[in-house]
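> pasted the sequence and its predicted model underneath.
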Amino acid sequence: GNHPSLGFLVGIGLGDWTFNMAMDFRFLNTPADYLYYDLNTRSLQPTRSFFALLLGFDIRWEFLKLGQFALLAAGALGYDLISHRAAPRYSGLQPTFSDSFNLNGGLVLRYYFAPERTGFVELDARAHKVSYTSNAAGTDDLTGNYFTLLLAAGYHLHFDN
């Protein structure tokens, strides 16, 4: 399904290259039930609950500059985790989740507000490849591809030599 996300990117740049650490939360329920294996009840359970976390290393290359616009190639490798059911603290229950490495790549269209190229907004389009683990037969396979389209705002800090 379609899920909104909220996240951040912190990085350091060298010339036209930027090396970042990314954290992204995706949320809201799925449009239809899916099955997961609950370790506490040892049975398949349906749910629409969806909360996901992506932690990763992101690299970007600003390869085209047209005035205050820029086009960047972007790629990342990260850890993608989907929580099917949370467990209350001190309950003795185990949380249930699926996880995968996430390999993604795409393009970023950026607009700088000033010629100094500090403040900006950007549109980030990516294709993701994931292979989620399944801990029991009969669970829905969440492995495959997904696409993201993110709108972001940011600021470059420039330090003189």
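Good, I have the coordinates. Residues are numbered from 1 along each chain as shown.
> please state the offset of the worst-scoring helix or strand of the chain on mean pLDDT from the chain centre?
One helix or strand of the chain scores below all others by mean pLDDT, DSSP states H and E: strand 34-38, with a mean of 87. Relative to its chain's centre, strand 34-38 lies at 22 Å (Cα atoms, centre = their mean, to the nearest Å).
> contacts for that strand, please.
43-48, 84-85, 96, 98, 134-136, 138-140, 142 (Cβ atoms under 8 Å, 6 or more residues apart in numbering). C-beta coordinates here come from the backbone N, C-alpha and C atoms, glycine included.
> what segments of this protein are strands?
5-14, 17-27, 34-38, 43-47, 51-66, 69-85, 96-112, 119-130, 144-155 (DSSP state E).
> can I get these in a markdown table including mean neighbour count?
Shown next, in a markdown table, are the strands of the chain (neighbours: other Cβ atoms under 10 Å):
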| stretch | mean neighbour count |
| --- | --- |
| strand 5-14 | 12 |
| strand 17-27 | 16 |
| strand 34-38 | 19 |
| strand 43-47 | 14 |
| strand 51-66 | 16 |
| strand 69-85 | 18 |
| strand 96-112 | 18 |
| strand 119-130 | 16 |
| strand 144-155 | 12 |
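> isn't Trp17 up against Asp58?
No. Between Trp17 and Asp58 there is no contact under Cβ atoms under 8 Å: 11.4 Å.
> what does stretch 123-133 contact?
74, 76, 80, 82, 98-109, 141-152.
> tell me the pLDDT at the residue nearest to Leu151 when sequence neighbours are not counted?
In this structure, Leu151 finds its nearest non-sequential neighbour in Leu123, 5.9 Å apart by Cβ to Cβ, 6 or more residues apart in numbering. On the pLDDT scale, Leu123 is placed at 96.
> re the thing from before, using CSV, write out every CA atom in the least confident helix or strand of the chain.
Below are the C-alpha coordinates for strand 34-38, written out as CSV (Å, rounded to 0.1, in the frame of the first residue of the first chain):
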residue,chain,number,x,y,z
TYR,A,34,-1.7,-9.7,5.4
LEU,A,35,-0.6,-12.7,7.3
TYR,A,36,2.4,-12.9,9.7
TYR,A,37,3.6,-15.5,12.1
ASP,A,38,3.1,-14.5,15.8
